[in-house]
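Chemist: Show me how the following folds:
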Amino acid sequence: MAIGRVIDEQVLGCKTVAFDEHALTRMSERNVTEDEVLEVLRNPEQTGLPTQPNRFRYRKMVAGRTVDVVFVHDPTQIVVITVID
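Modeler: I've put the predicted structure just below:
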């Protein structure tokens, strides 16, 4: 896991959100913005979706499409691993 970008945003009790390089690549390929990812994290319609151990997967309809955000919630920040639409 290589962090490509970190933003100062209050999300899920953390002060920052980090984006893995893989997540940034997938966001670009799928035309998903940082704001859309933050919207999913702050106001998910579904949580508890299947993913790898120690990861979370939230889902929400954003701009007419379903966006899933897979992330790690460590004590100091959210780390977005990938984004699926």
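Chemist: so where do the strands sit in this structure?
Modeler: With DSSP state E applied, the chain shows strands at 3-11, 14-20, 56-62, 65-73, 77-84, listed in chain order.
Chemist: Columns mean neighbour count, distance to Glu45 and mean pLDDT on top of these, output as TSV?
Modeler: Backbone N, C-alpha and C define where each C-beta goes, glycine included. Compiled in TSV, these are given as follows (neighbours: other CB atoms under 10 Å; distance: least, CB to CB, whole Å; pLDDT from 0 to 100):
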stretch	mean neighbour count	distance to Glu45	mean pLDDT
strand 3-11	13	16	95
strand 14-20	19	19	97
strand 56-62	18	5	97
strand 65-73	19	9	97
strand 77-84	22	14	97
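Chemist: Could you point out which of the ones you listed sits nearest Met27?
Modeler: Each of the strands of the chain was checked against Met27 via CB to CB, and the shortest separation belongs to strand 77-84, namely 5.1 Å.
Chemist: mind listing what Val62 touches?
Modeler: Contacts for Val62 were tallied using CB atoms under 8 Å, 6 or more residues apart in numbering; they are Val32, Glu36, Glu39, Val40.
Chemist: Tell me the bridge partners for it.
Modeler: Arg65 (DSSP bridges).
Chemist: Wait, Asn43 touches Arg59, no?
Modeler: No: Asn43 is not in contact with Arg59 according to CB atoms under 8 Å; the separation is 11.1 Å.
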